[in-house]
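J.: Starting from these lines, generate the structure:
(one chain, ligands or ions: 2)
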Amino acid sequence: CSLQHKDANLHPLWKGPLDVPGGSRQSPINIRVRDSVFHPNLAPISTQYDPNTCLHIWNNGYSFLVEYDDCTNKSVVSGGPLENPFRLKQFHFHWGVNNDWGSEHTVDSKVFPAELHLVHWNCTKYRTFEEAVMEDNGLVVIGVFLKLGRRNEKLQKLVDILPSVRYKDALTEFNYFDPSGLLPACSDYWTYSGSLTTPPLTESVTWIIMKKPIEVDHSQVILVHQVFVTDL
Ligand SMILES: NS(=O)(=O)c1nccs1
Ligand SMILES: [Zn+2]
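T.: Ligands and ions are numbered 1, 2, ... in the order given. Below is the predicted model:
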């Protein structure tokens, strides 16, 4: 299971800055709904994902990531507070050792069993993802909460391949996967300026947190729990 940012110093694999100097916009945060401000003129978020840009899935020791070909603008997010399109680089999940906790963000202190992050970079302002990670307004991460409920057919193809990336550094070819199937039907979202929640923890992220969770069933979450992100 992936560790929460606050447990960073306990994580044997965690290398790099534990306390980002000056961290004024560190993520994750607790979203206090009553403190959020509705902006009627904020456009909806628009995603255009081409499933053919899906490359592979691998276990980086913190989570499993599905990576996309980001050499073109075939898979991008735009709209909402964004001034230009951002290219999809990868998506990954955060989960806990049991269903009582797992999400990084919370909503009025409510924790969800897991949280999906779709990571995009500013291809108008920067030349590569690696460069954008370190820069202001470099990244957009769409966060989607997962809750236990109905089986999620669109997630099953991903769940079925997890046993092949059970251990750190395992990589398997994975293609033709459309991540828009992992977005909730409701397009309402919260947005704030924050940071990466795992190294390098840089404060380069415009967060787009979808208000409604998607549902997965127990059998699907159990398989996620069997992905070990430590050396075994
Ligand atoms: N969990 S996160 O999406 O903030 C992230 N950390 C490093 C690369 S992407
Ligand atoms: Zn993440």
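J.: Give the helix, strand or coil label for residue 155.
T.: State at residue 155, reduced to three classes by DSSP: H, G, I helix; E, B strand; the rest coil: helix.
J.: roughly how far apart are residue 78 and residue 142?
T.: Using Cβ to Cβ, to the nearest Å, residue 78 is found at 12 Å from residue 142. Bear in mind the C-beta positions are built from the backbone N, C-alpha and C, glycine included.
J.: Neighbour count for these two, which is higher?
T.: residue 142 (26 against 17; other Cβ atoms under 10 Å).
J.: Contacts only, for the closest residue to residue 195 other than its chain neighbours.
T.: Once flanking residues are discounted, residue 195 sits nearest to residue 203: 4.3 Å by Cβ to Cβ, 6 or more residues apart in numbering. By Cβ atoms under 8 Å, 6 or more residues apart in numbering, the contact list for residue 203 reads 20, 23-26, 136, 193-195.
J.: again, only using 10 Å
T.: Residue 203 makes contact with 20, 22-27, 136, 138, 193-196, according to Cβ atoms under 10 Å, 6 or more residues apart in numbering.
J.: Kindly report the same for residue 211.
T.: 31, 33, 36, 107, 144-145, 184, 186-190.
J.: So it versus ligand 1, what's the distance?
T.: For residue 211, the distance to ligand 1 equals 18 Å [Cβ to the nearest ligand atom, to the nearest Å].
J.: and if you look at residue 201?
T.: Look at residue 201 and ligand 1: by Cβ to the nearest ligand atom, they are 8 Å apart.
J.: what stretches of this protein score poorly on pLDDT?
T.: 1-22, 99, 228-232 (pLDDT under 70).
J.: Around ligand 1, pick out the residues from it.
T.: Contact residues (Cβ under 6 Å from any ligand atom) of the chain with ligand 1: 117, 119, 141, 196-198.
J.: okay, and the common contacts of residue 78 and residue 142?
T.: Here residue 78 and residue 142 have 45, 47, 86, 120 as joint contacts, going by Cβ under 10 Å, 6+ apart.
J.: The third one contacts residue 46, correct?
T.: In this case it means residue 86. No. Using Cβ atoms under 10 Å, residue 86 makes no contact with residue 46, being 11.1 Å away.
J.: what's the helix or strand for residue 221?
T.: In this assignment (DSSP states H and E), residue 221 forms part of helix 218-225.
J.: Point out the other elements, helices or strands, that that helix touches.
T.: If you count contacts as 3 or more Cβ pairs under 10 Å, 6 or more residues apart in numbering; DSSP states H and E, helix 218-225 packs onto strand 86-95, strand 114-121, strand 139-148, helix 153-161.
J.: ok, how many other residues are close to residue 185?
T.: Residues near residue 185, counting by other Cβ under 10 Å, number 6.
J.: Please apply the same query to residue 120.
T.: Residue 120 has 30 nearby residues by other Cβ under 10 Å.
J.: all strands for this protein, in order.
T.: With DSSP state E as the definition, the chain shows strands at residue ranges 30-31, 45-48, 54-59, 64-68, 76-79, 86-95, 106-107, 114-121, 139-148, 171-173, 189-194, 205-210, 214-216.
J.: looking at the ones you listed, which is closest to residue 128?
T.: Ranking the strands of the chain by proximity to residue 128 (Cβ to Cβ) places strand 114-121 first, at 7.8 Å.
J.: Now do the closest one and helix 218-225, the angle between them.
T.: Going by axes from the mean of the first three to the mean of the last three Cα atoms, to 10 degrees, strand 114-121 is angled at 60 degrees with respect to helix 218-225.
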